[in-house]
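Asker: model this:
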Amino acid sequence: MSAMPCDFEAYVDTIVAKPVPFATVYVTLTKQAHIELVMQAAYWKSCHRRATLRQQWTELEQRRALDQAALREAALRSELEAAQATIRDLQQRVFGRKSERSKGANESQPSVSVRPRGHQRGKPGHGRKMHAHLPARVETVELVGAACPKCGLGLSEFPGTEDSEVVELEVKAYRRVIRHRWYLWVFHSNAVVHYVLNASRSAAVIDAELAGVEHGIISCDRYSAYKKFARLHPGVVLAFCWAHVRRDLLELANSYPDLSAWAFAGVDAIGALYHLNGLRLQAPEGSPQRATHHTQLEQAVQDMAQRRTLVLADPLLLAAPAAKVLHSMAAHWDGLTVFVDHPWVPMDNNAAESDMRGPVVGRKNFYGSASQWSGQLAATMYSLMMTLRLWKINARTWLGAYLQARVWTMATTRQRTSTHFCPGPWTKPGLRPCGLAP
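Answerer: Next up, the predicted model:
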């Protein structure tokens, strides 16, 4: 292939050969002028270097300030979220529904009321309230030196008076008497429900109630006194309550609406455990159905443990409020899963919670007991009534028969009469003179 000459090569040669402006112009300087130029060049280079360092240091300080501001903003946002969660929790406690029965995840938001609260516009009011029940202090105001402004003669008395009322508050000094609270414990077994009134909330109350017990399973909440009792008695196993874990998730959904979907998913998972455990208990013992439901329950518990571990291992997937719930679940996991290998152990301590409902409602109605002997008497009566209810004995009939027997029984047969009226003998055939409740 041959190459043909073209004008482009000549154009390139022309460009290369073109002289650069001032390339051939020479300037003659003195030695002093040359030294001054070199010194000025070094000076401006030093100024440029210092300016560059100052700019880099300023940018570093700005980045550091921005990082500190971001951390401070994150801390303030976290503090604000915690405060808002506390406000929502307090609003739920004061104005919310008292039942723990929750709605679904799609129905968790409260419905908006169409009718506004308070006095309705255009409706008649209630008028001024008369406080006729308050004691009255009558004050008569006499007109002194009342005279006619024209003639100067005194005014005659007008029949009747012009009355007006002012409600005043009178502040009185009083003595503030502070009484220490006593605590009511409840111990629920298969044979008896026993209420204990004690001024302490320590493990000493449990140790006194369960004196001599070295082995067994206690279904309880996560109160520290039970944990201390278990440490002092290695043969005792604590079965913690799943209802409290469910309550933690419901409170988390109420306090942090952004985590409500995650919290309700945990509530549904706990509901699935209750369902599988119920199916296992309904199946006959030793049957294939019971074994199948037991395997499904074990798998569901294992899946929940794996999901909890994965979420705790990745901090990016876990919010700080939810971490507290999961860490508590992980810390109490051995006690929460006792029911899996021991089917007769309930998943919660709702039986004891139900036993406490009567005294709690009574405390709100009659404000508790004003003395120690009254509290002890109330605890004794609670124990008696709830034990009769546990044995399905008609409490009214039993109590009437017992009091009548105490009146007509001599002191020498007092011990025999008390033993005869224990719940155990009343459940035997032929010893049901009062009848059993259905």
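Asker: Got the domain ranges for this protein?
Answerer: 27-75, 183-352, 391-438 (automatic domain parsing).
Asker: For the longest one, measure first residue to last.
Answerer: This stretch, domain 183-352, spans 15 Å end to end (CA to CA, to the nearest Å).
Asker: one step back: which of the domains of the chain sits closest to residue 373?
Answerer: domain 183-352 (10.2 Å; CB to CB). Backbone N, C-alpha and C define where each C-beta goes, glycine included.
Asker: chain center to the closest one, what's the gap?
Answerer: Distance of domain 183-352 from the chain centroid (CA atoms, centre = their mean, to the nearest Å) equals 17 Å.
Asker: Mind putting the domains of the chain into JSON lines with mean neighbour count, distance to residue 96 and mean pLDDT?
Answerer: Formatted as JSON lines, these follow (neighbours: other CB atoms under 10 Å; distance: least, CB to CB, whole Å; pLDDT from 0 to 100):
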{"stretch": "domain 27-75", "mean neighbour count": "10", "distance to residue 96": "29", "mean pLDDT": "91"}
{"stretch": "domain 183-352", "mean neighbour count": "16", "distance to residue 96": "8", "mean pLDDT": "93"}
{"stretch": "domain 391-438", "mean neighbour count": "12", "distance to residue 96": "34", "mean pLDDT": "63"}
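Asker: who wins for proximity to residue 84 among those domains?
Answerer: Comparison of these against residue 84 by CB to CB identifies domain 183-352 as nearest, at 7.9 Å.
Asker: sorry, back to before: any chance of a markdown table for the domains of the chain, columns distance to residue 363?
Answerer: Formatted as a markdown table, the domains of the chain follow (distance: least, CB to CB, whole Å):
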| stretch | distance to residue 363 |
| --- | --- |
| domain 27-75 | 41 |
| domain 183-352 | 9 |
| domain 391-438 | 21 |
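Asker: Out of the ones you listed, the one nearest residue 87 is which?
Answerer: Across these, closest to residue 87 is domain 183-352 (CB to CB), at 8.8 Å.
Asker: what's the spacing between the closest residue to residue 180 other than its chain neighbours and residue 242?
Answerer: Of all residues not flanking residue 180 in the chain, residue 199 sits nearest, at 6.6 Å (CB to CB, 6 or more residues apart in numbering). According to CB to CB, to the nearest Å, residue 199 and residue 242 sit 31 Å apart.
Asker: what about the strands in the protein?
Answerer: Assigned by DSSP state E, the strands in the chain fall at 183-188, 193-198, 216-220, 236-240.
Asker: Can you check which of these gets nearest to residue 168?
Answerer: Closest to residue 168 of the strands of the chain, according to CB to CB: strand 183-188, at 42.6 Å.
Asker: What strands line up against that closest one, and which way round?
Answerer: Strand 183-188 has the following strand partners under DSSP bridges: strand 193-198 (antiparallel).
Asker: Please save the CA atoms from the partner strand in PDB.
Answerer: C-alpha atoms of strand 193-198 as PDB (Å, rounded to 0.1, in the frame of the first residue of the first chain):
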ATOM      1  CA  VAL A 193     -54.400 -20.600  97.100                       C
ATOM      2  CA  HIS A 194     -52.500 -18.800  99.900                       C
ATOM      3  CA  TYR A 195     -52.300 -15.000 100.300                       C
ATOM      4  CA  VAL A 196     -49.400 -13.600 102.400                       C
ATOM      5  CA  LEU A 197     -49.300 -10.100 103.800                       C
ATOM      6  CA  ASN A 198     -45.800  -8.900 104.400                       C
END
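Asker: Identify the residues contacting it?
Answerer: Defining contact as CB atoms under 8 Å, 6 or more residues apart in numbering, one finds that strand 193-198 is touched by 182-187, 205, 209, 355, 359, 372, 375-376, 378-380, 382-383, 386-387, 389-390.
Asker: Ends of stretch 23-38, what's the gap?
Answerer: Termini of stretch 23-38 sit 21 Å apart (CA to CA).
Asker: whoops, stretch 123-140 was the one
Answerer: OK, stretch 123-140 end separation, CA to CA: 39 Å.
Asker: Out of the domains of the chain, which gets nearest to residue 137?
Answerer: domain 183-352 (45.9 Å).
Asker: quick revisit: for the domains of the chain, which one sits closest to residue 81?
Answerer: Comparing those under CB to CB, the one sitting nearest is domain 183-352, at 7.1 Å.
Asker: Which ones among the contacts of strand 193-198 map onto helices?
Answerer: Using DSSP state H to define helices, the subset of the contacts of strand 193-198 located there is 205, 209, 355, 359, 372, 375-376, 378-380, 382-383, 386-387, 389-390.
Asker: For residue 249, see how far away residue 94 is.
Answerer: In terms of CB to CB, residue 94 sits 21 Å off from residue 249.
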